[in-house]
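[1] Below are the sequence and a predicted model; questions follow.
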Amino acid sequence: MKMMPPNPLLMFVLFLSGFILPITAVQAEDNTSLTLGVKLHGVNQGGENRNRGTDFDSTKGGQLALHTAFQQGRFYTGLSFQSGNYTFDNTGPDLHFASGLSLSSDSVTIKHSEADLIAGYFFWEQVSLFLGIKGIEDKWDNMDYKQNFVGFGLGISGIWPIADDWDAYGSLGFLPFGRVEANGTDVGDGKSSALELGAVVHVTDQDRISLGLKFSSQVYDFDSGDQQERRTGGIFLGYSHTFLL
């Protein structure tokens, strides 16, 4: 089976609307590379305002992601940013404030942004473990309200050749703890998890196309006693180019 140079970009993509990393097999110990890429996520966001007993589900939404990654031998590090809008024609996620007040939101569009910084190591030839920090921002379009989540996490990912120029990969990540803010003030704790499954096509030695499914969730436990769960899932399509240094 044909062996291709690894693509470090495919070693991370959103863990948790947690971070999550599709990876490639470890490269030679003395090889160094830099990867740039773009990804289009056709995803839906839904969830539950548990104390109020209401569900929400976006009617429109999607995200565009940009990635860069550096790899040297078995070690890699990466940075990603993604952003997009979700429209809720009916019930949306509740708003929570430091005072303990919570308000329902209806017919709203939320700008959703994520940033991830990770570092990982191939402890085995085709399996790596990683650590990272993730930030999420949600901004309501119809009022002055912004919600932020920052957390730390870890994960595992692996890749398996399935045919000439084709690889299958899977990645699982967890953010077991983090803090939630509303308009810059602490309002609770949060956790997140993500699962990504997909395939990578080696178009050339340095160009790759990825296609797959990604599922993530966040659970926010607010200081007021309220709880909110958000779930995101859907298909993605990506392209990346690797520069050998």
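    Here it is on my side, so go on.

[2] rest of the way, CA atoms for contacts and neighbours
    OK.

[3] so what strands line up beside whichever strand or helix holds K191?
    Using DSSP states H and E, the element containing K191 is strand 185-202. In the sheet, strand 185-202 lines up against strand 166-182 (antiparallel), strand 207-222 (antiparallel) (DSSP bridges).

[4] Relative to F88, which of the ones you listed is closest?
    Between F88 and the strands paired with strand 185-202, the shortest gap by CA to CA is with strand 207-222, which sits at 17.6 Å.

[5] which is the next helix or strand following the closest one?
    Using DSSP H and E, the helix or strand that follows strand 207-222 in sequence is strand 227-244.

[6] still on that earlier bit, report the angle between the strand holding K191 and strand 227-244.
    On the basis of axes from the mean of the first three to the mean of the last three CA atoms, to 10 degrees, strand 185-202 is oriented at 40 degrees to strand 227-244.

[7] quick one: low-confidence ranges for the protein?
    Across the chain, the ranges flagged by pLDDT under 70 are 1-30.

[8] Next, the buried residues of stretch 177-194.
    178-182, 186-194 (16 or more other CA atoms under 10 Å).

[9] Closest one to S104 out of these, please.
    Nearest to S104 among those: A182, at 14.6 Å, using CA to CA.

[10] Next, D141: phi, psi?
    phi -90, psi -20 (degrees, to the nearest 10).

[11] Would you confirm that it contacts K111?
    Yes: D141 lies in contact with K111 (CA atoms under 8 Å); the separation is 7.4 Å.

[12] Of those two, which one has the most company?
    Neighbour count, other CA atoms under 10 Å: between D141 and K111, K111 has more, with 18 against 14.

[13] any idea how far P176 lies from K134?
    Applying CA to CA, to the nearest Å, the value for P176 to K134 is 12 Å.

[14] which residues are common contacts for the two?
    Jointly contacting P176 and K134 under the rule CA atoms under 8 Å, 6 or more residues apart in numbering are G151, F152, G153.
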